[in-house]
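structure of the sequence below:
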Amino acid sequence: MNHDLIIFLQGIASTAAWINGLFFLRFWRDSGDDLFAFFGAAFGLLGLSWALLAILAPTEETRPYIYGLRLVAFLLIMAGIAAKNRAQGPTASPR
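Reported below is the predicted structural model:
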């Protein structure tokens, strides 16, 4: 695949992730629901990881710190979901 095309696509992915993160942060500000804050932070980190790949080495995804950012982002998503489920408590199953 063309090196310039890879950089371009990673830039698009980074921008889209940051825009999604800003939307989630706006939803958090409007609703006060912490789940949106977790998602906003996670998308910000995913955008940062794609931006770093585009800037540093777009064809080399084996850099551990970039995968570390992605790991933290996915852990934030799981933590947000777990916190939301804990706040709602157990629900009765319909019969």
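
for I81, which non-adjacent residue is closest in space?
What sits nearest to I81 in space, not counting adjacent residues and going by C-beta to C-beta, 6 or more residues apart in numbering, is L35, at 7.2 Å. In this view, the C-beta of every residue, glycine as well, is placed from N, C-alpha and C.

that neighbour is in what secondary structure piece?
Taking DSSP states H and E as the criterion, L35 maps to helix 34-56.

now do that helix: everything it contacts.
Here helix 34-56 makes contact (C-beta atoms under 8 Å, 6 or more residues apart in numbering) with 6-7, 10-11, 13-18, 20-25, 27-28, 61, 63, 65-66, 69-70, 72-74, 76-77, 79-81, 83-84.

show the buried residues in those residues.
Buried residues within the contacts of helix 34-56, counting neighbours by 16 or more other C-beta atoms under 10 Å: 10-11, 13-14, 17-18, 20-21, 24-25, 27-28, 66, 69-70, 73, 76-77, 80.

and the helix or strand bottoming out on mean pLDDT in the chain, how far from the chain's centre?
Among the helical and strand segments of the chain, the one scoring lowest on mean pLDDT, DSSP states H and E is helix 64-88, with a mean of 91. Counting by C-alpha atoms, centre = their mean, to the nearest Å, helix 64-88 is centred 9 Å from the centre of its parent chain.

just checking, what packs against it?
helix 34-56 (3 or more C-beta pairs under 8 Å, 6 or more residues apart in numbering; DSSP states H and E).

mind checking how far the helix it packs on is from the chain centre?
4 Å.

ok, and the closest non-adjacent residue to W18?
In this structure, W18 finds its nearest non-sequential neighbour in G47, 4.1 Å apart by C-beta to C-beta, 6+ apart.
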